[in-house]
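Colleague: the following comprises the amino acid sequence and a computationally predicted model.
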Amino acid sequence: MATLLGAQKALESGRAMHPGEVALLLRFNPKTVSRWCKDRKVPAFQTPGGHWRIPAQVVRDMLNGKIEWNREEIDQWANQPWLRGKP
């Protein structure tokens, strides 16, 4: 279970965040954030285990009021093999 302090530390560290952390920061339900990822409404990627991760920069953008991304921005993150743990 994510905590607000843990979510803030994740954001500060710059690591990719899981939907529960993002949900805490944005005050949404974690299922809603996962749905955004699945529906490709936000730039996100899946780990080899199938878990969604949202890059910290995307979360920062969301906190600063950005609510829409174009297809290229979404694909940029979704197609990064290094984000999926592949060499």
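Modeller: Yes, it's here.
Colleague: how much space separates the residue lying closest to I54 once chain neighbours are set aside from M62?
Modeller: In this structure, I54 finds its nearest non-sequential neighbour in A44, 4.8 Å apart by C-beta to C-beta, 6 or more residues apart in numbering. From N, CA and C alone the C-beta is placed, and that goes for glycine too. Distance, A44 to M62, using C-beta to C-beta, to the nearest Å: 11 Å.
Colleague: would you map the helices across the chain?
Modeller: Listed in chain order, the helices of the chain (DSSP state H) span 4-13, 19-26, 30-38, 56-63, 71-78.
Colleague: what's in contact with the helix-or-strand element of the chain with minimal mean pLDDT?
Modeller: Taking mean pLDDT, DSSP states H and E as the measure, the helix or strand of the chain with the lowest value is helix 71-78, at a mean of 73. Identification of contacts with helix 71-78 by C-beta atoms under 8 Å, 6 or more residues apart in numbering yields 40, 42-45, 55, 58, 83.
Colleague: the residue nearest to I54 against H51, yeah?
Modeller: No: look at A44 against H51 with C-beta atoms under 8 Å: they stay out of range, at 10.3 Å.
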